[in-house]
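[1] quick one: sequence plus predicted model below, questions after.
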Amino acid sequence: MEKKRKKMFERLVKNAKEEQIPKIKEKLGNMKRGVVKDIWPKVQALWALAKDPEGSWKAKASAIGALVYLISPLDVIPDPIPVLGLTDDVAVILYAISQIGPELQKYLVNTAEQYSDNEIKAHAKMIKISLFGAIGISLIAIALELSWIYLP
């Protein structure tokens, strides 16, 4: 079974194309159900990698291939079958992650660091604006106070 899964996954990766991303986007939200719901953060990580123009093609192709399998109605075990229908989809997602795990981990860490840096910069800018605003208001208040004292 492992050999079949590996061959199928290799075929998915080989046929992966960036043009498949809009179709994945259109259908991915409907897949958060059943056993897929349990691994949804992993699905989202693959989705983020698939969309990223900076990601390595090898990792992106693996992500795209696994996500295409997830959204495809043509599966080894058809999705409508209760309980078992999405288990093959989960297996493909987990296999993809096992194949690109280190790259996916590195990607997620870099993405989190970039997000943190952007958030810190945005907060620093807000603090500067608030500080300058407070200084400006204080100067106006001092000027008004002095004008009341020194003007007749």
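    That came through, no problem. Numbers count the residues shown, from 1 in each chain.
[2] which residue is nearest the centroid of this protein?
    Centroid-nearest residue in the chain, with Cα atoms, centre = their mean: residue 48, separated by 3.4 Å.
[3] test my guess that that residue contacts residue 111.
    Yes. The pair residue 48 / residue 111 is scored as a contact, 6.8 Å apart, by Cβ atoms under 8 Å. Where you see a C-beta, it was placed from the backbone N, CA and C, and this is true even at glycine.
[4] quick one on the thing from earlier: sec struct for the residue nearest to the centre of the chain, please.
    The three-state label for residue 48, taken from DSSP: H, G, I helix; E, B strand; the rest coil, comes out as helix.
[5] ok, residue 34 - how many residues close by?
    16 (other Cβ atoms under 10 Å).
[6] that one contacts residue 81, correct?
    No. Using Cβ under 8 Å, residue 34 is not in contact with residue 81; the gap is 10.3 Å.
[7] measure the residue nearest to the centre of the chain to residue 141 for me?
    Going from residue 48 to residue 141 by Cβ to Cβ, to the nearest Å gives 49 Å.
[8] can you show me the strands along the protein?
    For the chain, strands defined by DSSP state E do not occur.
[9] flag the shaky bits of it, pLDDT-wise.
    1-2, 5, 112-118, 151-152 (pLDDT under 70).
[10] which helix in it has the most residues?
    Assignment by DSSP state H gives helix 87-150 as the longest helix of the chain.
[11] who touches the nearest residue in space to residue 64 that is not next to it in sequence in this structure?
    Of all residues not flanking residue 64 in the chain, residue 16 sits nearest, at 4.0 Å (Cβ to Cβ, 6 or more residues apart in numbering). Applying Cβ atoms under 8 Å, 6 or more residues apart in numbering, we find residue 16 in contact with 60-62, 64-65, 68.
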